[in-house]
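Trainee: structure for this input, please:
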Amino acid sequence: MNITRKALLGLAAGAVMATGAFVAEPKPAGAQETQVIPSLVYRTGPFAPGGISLADGFADYFTLINERDGGINGVKLEVVECETGYSTDRGVECYDRTKNEGSGATFYSPWSTGITYALIEKATQDKIPILSMGYGRTSAADGRYFPYVFNFPSTYWNQATAIMQHIANLEGGLDKLDGLDIAYIHLDHPYGKEPIPTLDVMVSEFGFTYTPYPVPPASMTEQKSIFLQIRRQRPDYIVMWGWGAMNGTAVQEAANINFPMDKFIGNWWSAGEDAVEAAGEAATGYKAASFHGPGDDYPVYADLKTHVYDKGLAAGKGDQMGRVLYNRGLNNAIVAVEAIRAAQAEFGEGEVITGEQMQWALEQLTLTPQDIADLGVTGLVPPTQITCANHEGENPAVLIQQWNGSEYELVTDWVPAMKELTRPLVEQEAAQYGQEQGIEPRDCTT
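Mentor: Here you go, the predicted model:
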């Protein structure tokens with residue numbers, strides 16, 4: 001296998017883990033330097049149902065680039081896995097363990113809002129980009145204050161506005177939001193709390209009400225009391241910001257109280273097959289947001305089959321292909337590869353790039369519909385345009401998918417976010433962060 005994947009599973013297991021040492025495999029004499037891609041994974045624990053898919057999709061695309069293309073202009077990509085269990089402390093440990101591996105880390109995808117928050121200052125000081133696609137700190141979209149954090153193609157705040165826009169479309173217009181009652185069930189974690197400020201602003205703007213139902217991470221599979229409250233509330237819609245074992249439990253409990261599934265809308269981390277499979281037929285009609293298409297009907301999958309799956313090189317058990325969160329891992333890797341390619345074009349083809357050069361490339365990243373078609377990922381990767389000032393992208397929007405009993409299918413075109421509502425909030429919070437940290441904003445006008 002051309003990718004070396006080092007899984008640091010269970011930081012307390014084994015003598016090596018007990019000492020906190022990171023043991024790298026020795027490179028043969030004369031071996032060409034590889035581009036190191038750390039991968040903070042959670043293949044174990046209550047968040048593994050989504051974490052495994054993400055990690056496998058992420059790793060398999062880099063394997064494809066190595067096997068089909070020989071790397072990027074001859075530079076092979078080395079994925080270095082470190083198990084976090086979705087724990088913020090372990091995520092920070094993994095960052096410290098891997099950031100100096102080989103020629104140095106290229107970028108990080110923490111796959112956790114808590115870990116992302118914890119790494120912002122460290123990664124910025126180390127000049128290593130954080131690519132937190134669709135999660136993490138929303139105000140990091142303001143690149144003037146957060147030069148090393150990228151959260152395209154959309155943030156939690158804009159996702160919340162798009163979900164409410166979808167509800168408005170179903171009801172007949174934004175004015176119909178007035179008087180609606182929403183149950184907001186969320187993981188009691190920085191991730192689940194992230195969209196609350198935006199919901200509060202939208203309540204004032206559009207006149208609906210919402211009741212938060214926090215789900216403690218330690219009891220994600222114990223939601224009967226919450227859904228008894230929801231049954232008494234009789235909300236018009238349920239919106240969910242869930243993750244891991246919480247998702248499937250919530251959908252099952254909603255089915256148990258006969259809540260209409262087409263009025264239960266999860267966010268894009270509540271959009272995996274793990275959210276609906278346990279409930280069986282009762283989950284039919286459940287909806288969720290996404291920023292990419294589901295399934296495997298994309299040309300890139302033919303290449304993955306030839307160069308990865310058929311060669312026995314698939315990550316993990318090789319059973320995640322085509323699942324929603326596997327596709328999200330692919331998305332992350334695809335944009336990273338294109339940024340590395342752009343950095344090489346600027347700083348030296350066939351050269352290993354630095355984190356600082358990767359930051360430059362991410363800040364210039366533009367993927368047009370033609371670029372996406374050339375990669376064989378039309379419908380899988382959204383068009384992207386990043387600027388110095390806007391690390392979320394110029395056209396934040398979401399898709400809504402619905403479970404038909406056997407698979408997810410898209411039921412909307414792109415639903416535009418209300419960026420005119422969210423961007424001032426982003427800039428306000430980013431400026432406050434800058435003031436607290438003593439950071440002067442970069443000049444992004446040149």
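
Trainee: OK, contacts around Leu52?
Mentor: No, residue 52 isn't Leu; it's Ile. By C-beta atoms under 8 Å, 6 or more residues apart in numbering, the contact list for Ile52 reads 43, 316, 320. All C-beta spots, glycine's among them, are computed from the backbone N, C-alpha and C.

Trainee: in which helix or strand would I find it?
Mentor: Using DSSP states H and E, Ile52 sits within helix 48-69.

Trainee: quick one: that helix to chain centroid distance?
Mentor: Computed by C-alpha atoms, centre = their mean, to the nearest Å, the chain-centroid distance of helix 48-69 equals 14 Å.

Trainee: check which residues of it are buried.
Mentor: By neighbour count on 16 or more other C-beta atoms under 10 Å, the buried set for helix 48-69 is 48-67.

Trainee: kindly report the same for stretch 311-321.
Mentor: Neighbour-count burial for stretch 311-321, counted by 16+ other C-beta under 10 Å, picks out 313-316, 320-321.

Trainee: so how far is the longest helix along the chain off the chain centroid?
Mentor: Longest helix in the chain, counting residues (DSSP state H): helix 324-347. Centre-to-centre, helix 324-347 and its host chain are 13 Å apart (C-alpha atoms, centre = their mean).

Trainee: out of the contacts of Ile52, flag the one nearest to Arg90.
Mentor: Proximity to Arg90 was ranked across the contacts of Ile52 by C-beta to C-beta; first place goes to Arg43, at 12.6 Å.

Trainee: okay, now that closest one: neighbour count?
Mentor: Residues near Arg43, counting by other C-beta atoms under 10 Å, number 19.

Trainee: I'd assumed Glu83 was in contact with it.
Mentor: Yes - at 6.4 Å, Arg43 counts as touching Glu83 under the criterion of C-beta atoms under 8 Å.

Trainee: report the contact partners of Leu410.
Mentor: Residues near Leu410 by C-beta under 8 Å, 6+ apart: 290, 293-294, 399-402.

Trainee: just the buried residues of the residues you listed.
Mentor: For the contacts of Leu410, a burial check counting by 16+ other C-beta under 10 Å picks out 290, 293-294, 399-402.

Trainee: hang on, the earlier thing: buried ones in the longest helix of the chain?
Mentor: 324-344, 347.

Trainee: what of stretch 117-127?
Mentor: Neighbour-count burial for stretch 117-127 flags 117-120, 122-124, 126 (criterion: 16+ other C-beta under 10 Å).

Trainee: those residues in helices, which ones?
Mentor: Using DSSP H, the members of the buried residues of stretch 117-127 that fall in helices are 117-120, 122-124, 126.

Trainee: CSV for those, including pLDDT and distance to Leu199?
Mentor: Below are these laid out as CSV (pLDDT from 0 to 100; distance: C-beta to C-beta, whole Å):
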residue, pLDDT, distance to Leu199
Tyr117, 96, 20
Ala118, 97, 24
Leu119, 98, 26
Ile120, 98, 23
Lys122, 97, 30
Ala123, 98, 29
Thr124, 97, 29
Asp126, 98, 34
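
Trainee: so which of those is the closest to Gly393?
Mentor: Using C-beta to C-beta, Ile120 comes nearest to Gly393 of those, at 18.9 Å.

Trainee: how does this protein divide into domains?
Mentor: Listed domain ranges for the chain are 14-154+295-395+426-437, 156-290 (source: automatic domain parsing).

Trainee: quick one: distance of stretch 214-233 to the chain centre.
Mentor: Stretch 214-233 sits 25 Å away from the centroid of its parent chain (C-alpha atoms, centre = their mean).

Trainee: then stretch 206-216?
Mentor: Relative to the centre of its chain, stretch 206-216 is centred 23 Å away, using C-alpha atoms, centre = their mean.

Trainee: in it, which residues are buried?
Mentor: Residues of stretch 206-216 classed as buried by neighbour count (16+ other C-beta under 10 Å): 206, 208, 210, 213, 215.

Trainee: what do you get for stretch 274-287?
Mentor: Judged by neighbour count using 16+ other C-beta under 10 Å, the buried positions of stretch 274-287 are 274-276, 278-279, 282-287.

Trainee: mind listing which of those are in strands?
Mentor: Within the buried residues of stretch 274-287, residues falling in strands by DSSP state E are Lys287.

Trainee: confidence-wise, which of the buried residues of stretch 274-287 comes last?
Mentor: Among these, Ala278 has the lowest pLDDT, at 89.

Trainee: what number of residues are in the vicinity of the closest residue to Met220 other than its chain neighbours?
Mentor: Spatial nearest neighbour of Met220, chain neighbours left out: Met246 (4.0 Å); criterion: C-beta to C-beta, 6 or more residues apart in numbering. For Met246, the tally of surrounding residues (other C-beta under 10 Å) stands at 30.

Trainee: got it, and the one 4 residues further on?
Mentor: Using other C-beta under 10 Å, the number of residues around Ala250 comes to 28.

Trainee: name the SS class of it, please.
Mentor: Here Ala250 is recorded as helix under DSSP: H, G, I helix; E, B strand; the rest coil.

Trainee: separation between it and Asp296?
Mentor: 27 Å (C-beta to C-beta, to the nearest Å).

Trainee: quick one on the thing from earlier: reformat the contacts of Ile52 as JSON lines; add distance to Tyr309 and pLDDT.
Mentor: Shown next, in JSON lines, are the contacts of Ile52 (distance: C-beta to C-beta, whole Å; pLDDT from 0 to 100):
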{"residue": "Arg43", "distance to Tyr309": "19", "pLDDT": "97"}
{"residue": "Gly316", "distance to Tyr309": "12", "pLDDT": "96"}
{"residue": "Gln320", "distance to Tyr309": "11", "pLDDT": "97"}
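
Trainee: quickly name whichever of those residues is closest to Trp268.
Mentor: Taking the contacts of Ile52 together and measuring to Trp268 by C-beta to C-beta, the closest member is Gln320, at 16.8 Å.
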